[in-house]
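In: Dropping a prediction and its sequence here:
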Amino acid sequence: MLNIGFIGTGNMATALIKSIKSNIDCNIISSDSDESKLARAEKLGVNATKDNKELVEKSEIIFLCVKPKDINSVLEEIKDLIENKIIVSIAAGIKIENIEKIIGDKKIARVMPNVNCLADEMAAAYSSNKNIDEKDKKIISKLLNSAGLALEVKENKMDIVTALSGSGPAFAAYIIKLFAEAGIKQGLNEEDAYNLALQTFYGTSSLLKKENIDANELIKMVSSPGGTTVAGREILENSNIKEIIEKTIETAFKRSKELGK
């Protein structure tokens with residue numbers, strides 16, 4: 001049975017704990033300086049402590065779920081206890097080499113999760129250093145995929161992952177909000193417009209994923225000649241929406257690179 005530790009028990013860590021505990025046979029211990037967060041973790045049936053060193057000693061895999069500004073101090077605190085353990089960091093913008101500078105040549109993986117983890121629908125990517133072998137990768141992949149989708153990428157791709165799927169939920173939510181507002185403008189009440197917009201996006205994603213349908217194929221399925229969809233598509237496809245989306249992702253990508261320097 002795996003022994004897993006979570007240093008930091010915020011929303012993302014709690015969501016990961018819930019998903020992993022529900023799908024994988026393991027023991028979990030979490031730590032945090034905030035007693036209310038520890039109480040929340042205990043309600044999930046995991047052990048909780050304020051002592052990071054105790055957590056490391058009892059764990060084979062340690063998830064670092066602290067804020068980027070706090071990661072150096074945490075690493076300094078536990079570096080002498082890591083030995084052959086696997087360190088998995090979800091601290092945004094913190095490169096593997098930065099972690100290695102503090103704890104040395106250990107097993108280290110870096111993950112870019114997203115907030116959809118809270119609904120067991122995470123879109124994440126992870127990368128690792130040379131010390132993570134194939135057996136380790138399988139374990140990391142299994143743990144992360146229990147919360148949604150997790151793909152292995154080279155670390156130099158993590159900035160675009162951050163922009164696309166890390167920041168993506170905010171961009172997608174904004175578009176859903178605009179759809180709802182357009183429905184309200186044409187006469188629907190606020191609640192109906194929002195629920196219809198939300199379910200449309202949710203249902204579309206589910207259909208594409210579950211039926212393995214290409215996006216272009218679905219567009220054709222809905223587009224009856226001379227119908228409402230074709231009329232609306234003419235406006236959408238003749239607009240600069242493609243350029244706007246590309247610019248949105250590009251700007252987030254560049255900002256991620258800046259923060260990682």
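Out: Structure received.

In: Run a quick neighbour tally on the closest residue to Ile24 other than its chain neighbours.
Out: Once flanking residues are discounted, Ile24 sits nearest to Ser146: 5.8 Å by Cβ to Cβ, 6 or more residues apart in numbering. Heads up, the C-betas are built off the backbone N, CA and C, glycines and all. When neighbours are counted by other Cβ atoms under 10 Å, Ser146 registers 18.

In: again with Lys138
Out: Applying other Cβ under 10 Å, we find 10 other residues in the vicinity of Lys138.

In: what helices or strands is the helix or strand harbouring Ser73 leaning on?
Out: Per DSSP states H and E, Ser73 falls inside helix 71-78. Packing partners of helix 71-78 (3 or more Cβ pairs under 8 Å, 6 or more residues apart in numbering; DSSP states H and E): helix 52-57, strand 61-64, helix 96-103.

In: Paired strands for the shortest one, with orientation please.
Out: Strand pairing for strand 61-64, determined by DSSP bridges: strand 2-7 (parallel), strand 86-89 (parallel).

In: buried sites along the longest one?
Out: Residues Asn3, Ile4, Gly5, Phe6, Ile7 are the ones in strand 2-7 that count as buried (16 or more other Cβ atoms under 10 Å).

In: One more: stretch 54-67?
Out: So for stretch 54-67, counting by 16+ other Cβ under 10 Å, buried means Leu55, Val56, Lys58, Ser59, Ile61, Ile62, Phe63, Leu64, Cys65, Val66.

In: I'd say the second one and Ile78 touch.
Out: Yes: using Cβ atoms under 8 Å, Val56 and Ile78 qualify as a contacting pair, with a distance of 4.8 Å.

In: Overlap in contacts, the two.
Out: Common neighbours of Val56 and Ile78, counting by Cβ atoms under 8 Å, 6 or more residues apart in numbering, are Ile62.

In: Now Ser127: which helix or strand?
Out: Going by DSSP H and E, Ser127 is part of strand 122-128.

In: After that strand, heading C-terminal, what element do we hit next?
Out: helix 134-145.

In: Run the angle between that following helix and strand 122-128 for me.
Out: Interaxial angle of helix 134-145 relative to strand 122-128 (axes from the mean of the first three to the mean of the last three Cα atoms, to 10 degrees): 160 degrees.

In: How far off centre is the helix-or-strand element of the chain with minimal mean pLDDT?
Out: Every helix and strand of the chain was ranked by mean pLDDT, DSSP states H and E. The lowest is helix 35-43, at a mean of 89. Distance, stretch centre to chain centre, for helix 35-43: 22 Å (Cα atoms, centre = their mean, to the nearest Å).
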